[in-house]
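Visitor: Got a sequence here, can you model it:
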Amino acid sequence: MNTKIITREGHEALKQELDHLWRVYRPEITQKVAWAASLGDRSENADYQYNKKLLREIDRRVRYLRKRLEDMRVIDYAAEQEGRVFFGAWVEIENEAAEVKKFRVVGYDEIYGRMDYISIDSPMARALLKKEVGDEVIVQTPTGEALWFINEITYPK
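Guide: Next up is the predicted model:
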């Protein structure tokens, strides 16, 4: 499997999720399954069936996170990145209609649940890479080309 890149914050968040699932949530659900199983007939026991399904989903996510975390490489800020768009940068862009967007360029595993993160593999991120403040960027979209201007580039330190 290919090594995937991730920010330090994203890596810590995935490790915390794994820890919570394994040490807190899974034991809680295991207790519920044991309690429901002690009631007798499991074939018509909704508590047993639901919690057993939930336990399988937790186990699936734990396996996924463990495997994923093994293959990840954390990318930290480096002083050489300053002034240009690289992995982990917060970028503010603006188009000709004065529409302003601000987002962070991160790894694939970090974008879910966040409206202000975009994947390094997205067309927007690919177009922005190595550009500087003031540069014009043409992004290929499903509706055609879009022109954006880079207003600001910052990195969490």
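Visitor: so who does residue 90 touch?
Guide: By CB atoms under 8 Å, 6 or more residues apart in numbering, residue 90 lies in contact with 102, 103, 104, 152, 153, 154, 155, 156. All C-beta spots, glycine's among them, are computed from the backbone N, C-alpha and C.
Visitor: Kindly recompute the last result at 6 Å.
Guide: 104, 154 (CB atoms under 6 Å, 6 or more residues apart in numbering).
Visitor: Return the distance of it relative to residue 73.
Guide: 21 Å (CB to CB, to the nearest Å).
Visitor: Over to residue 55. Which of the three states is it?
Guide: Following DSSP: H, G, I helix; E, B strand; the rest coil, the label given to residue 55 is helix.
Visitor: tell me what the helix or strand hosting residue 28 is packed against?
Guide: Assigned by DSSP states H and E, residue 28 belongs to helix 26-37. On a contact count with 3 or more CB pairs under 6 Å, 6 or more residues apart in numbering; DSSP states H and E, helix 26-37 meets helix 46-70.
Visitor: Mean confidence (pLDDT) on the helix it packs on, please.
Guide: Taken as a whole, helix 46-70 has an average pLDDT of 94.
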